[in-house]
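Undergrad: Build the 3D model from these lines:
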Amino acid sequence: MLSHRAEHGYFCCYGRAFVREHGCSQGFADRLKRCRGTLHLRAQPSQSPFTDMTGADFSVGQSGHVWFLSGTFCLNMNGMPCTFSNPAAVTRDVTMPTGKALFFPVLNSEADNVDFATGKQDLGFTPDQLRSQITPFMDDVVTRGFLTTSIDGVALQNLASYRFASPVFSYTLPDNNIEGVPAQTVAPAVADGYYLMLAPLSTGQHQIHFTGGSPLLNFSLDVTYNITVTPGGGG
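TA: Numbering: from 1, shown residues only. A predicted model of the protein is given here:
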């Protein structure tokens, strides 16, 4: 994740057929994105999915029938700054129960009026102006950059068709938050990106690998989840 904050993302790898047959509507997508945002932004920095470099905190805050995967901040195993040609890379080894769908962004971006220098929402951009800041980055991903996702070594196709631009939304930051600013409700905010949702994985070992990058943003990521799915998903 990065400001005018890019991070990996996904929506409905079930595809358009799933949307038609199971009602994966824009409203449903909005709710998933809000739930994911709550999990990621309300977590304490020491347990944030963005900064988890091993997967040790994967289950923190996860519940219900949909669990969430995360991208990463601009961190590299070699300690070098991440760029388009030197991705923010992480491998996470995680365990989860059966019966859980997975929602994640391959790559996305968010914009709001929080000024990290002051900790206040004093940048003064309208929702349309905020959207204009991130749309070119997400356009660039498919015109000059790249998107890839594989599940157990099988590459998914047509990832550009899973782009989703959010409506205007708000989110709440608690004390000691990942953005390092005072507790507050942030509004307006907008997001744009490429989102996937995976049907529950079978019991056993799986690997999800996704990458994405934008030359315009000068950012890329390379994320691997090695997942052990255990019996007994429950509710």
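Undergrad: Next, count neighbours for Gly124.
TA: By the criterion of other C-beta atoms under 10 Å, Gly124 has 8 neighbours. In short, each C-beta sits where N, CA and C put it, glycine included.
Undergrad: Then Leu221?
TA: 25.
Undergrad: give me the element it is part of.
TA: According to DSSP states H and E, Leu221 maps onto strand 219-230.
Undergrad: Which strands border that strand, and is each parallel or antiparallel?
TA: Paired neighbours of strand 219-230 in the sheet (DSSP bridges): strand 88-97 (parallel), strand 204-214 (antiparallel).
Undergrad: now it: mean pLDDT?
TA: Throughout strand 219-230, pLDDT has a mean value of 95.
Undergrad: ok, and for that strand, which residues are buried?
TA: By neighbour count on 16 or more other C-beta atoms under 10 Å, the buried set for strand 219-230 is 219-225, 227, 229.
Undergrad: In those, find the pair that's most separated.
TA: The distance between the two most remote of the buried residues of strand 219-230 (C-beta to C-beta) is 30.9 Å, for Phe219 and Val229.
Undergrad: wait, which of the strands paired with strand 219-230 is closest to Pro105?
TA: With C-beta to C-beta as the measure, strand 204-214 is the member of those nearest Pro105 (8.6 Å).
Undergrad: How far off centre is the closest one?
TA: Chain-centre distance of strand 204-214: 12 Å, with C-alpha atoms, centre = their mean, to the nearest Å.
Undergrad: Can you get me a residue count around Cys82?
TA: Cys82: 21 neighbours (other C-beta under 10 Å).
Undergrad: For the protein, give me the ranges with low pLDDT.
TA: Judged by pLDDT under 70, the chain has its weakly predicted residues at 1-46, 74-80, 233-235.
Undergrad: Try it again at 50.
TA: For the chain, the stretches with pLDDT under 50 are 1-39, 75-77.
Undergrad: Which strands or helices does the strand of greatest length in the chain pack on?
TA: Ranked by residue count under DSSP state E, the longest strand found in the chain is strand 184-198. Contacts defined by 3 or more C-beta pairs under 8 Å, 6 or more residues apart in numbering; DSSP states H and E place strand 184-198 against helix 26-42, strand 101-112, strand 120-121, helix 127-143, strand 146-151, strand 163-165, strand 169-173.
Undergrad: Identify each buried residue in that strand, please.
TA: Burial within strand 184-198, assessed by neighbour count using 16+ other C-beta under 10 Å, is assigned to 184, 186, 188-198.
Undergrad: Excluding covalently adjacent residues, which one is nearest to His206?
TA: Using C-beta to C-beta, 6 or more residues apart in numbering and skipping the chain neighbours, the partner closest in space to His206 is Ile227 (4.5 Å).
Undergrad: Could you verify my assumption that that neighbour touches Ile208?
TA: Yes: using C-beta atoms under 8 Å, Ile227 is in contact with Ile208, at 6.6 Å.
Undergrad: picking that back up, tell me which of the strands paired with strand 219-230 lies nearest to Asp140.
TA: strand 204-214 (4.5 Å).
Undergrad: how about the closest one as CSV, C-alpha atoms only?
TA: C-alpha atoms of strand 204-214 as CSV (Å, rounded to 0.1, in the frame of the first residue of the first chain):
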residue,chain,number,x,y,z
GLY,A,204,-4.7,-28.9,2.1
GLN,A,205,-1.8,-26.8,0.8
HIS,A,206,-2.3,-23.9,-1.7
GLN,A,207,-0.3,-21.0,-3.0
ILE,A,208,-1.7,-17.6,-4.2
HIS,A,209,0.8,-15.4,-5.9
PHE,A,210,0.0,-11.9,-7.3
THR,A,211,2.1,-9.1,-8.8
GLY,A,212,1.3,-5.7,-10.1
GLY,A,213,3.0,-2.5,-11.1
SER,A,214,2.7,1.0,-12.6
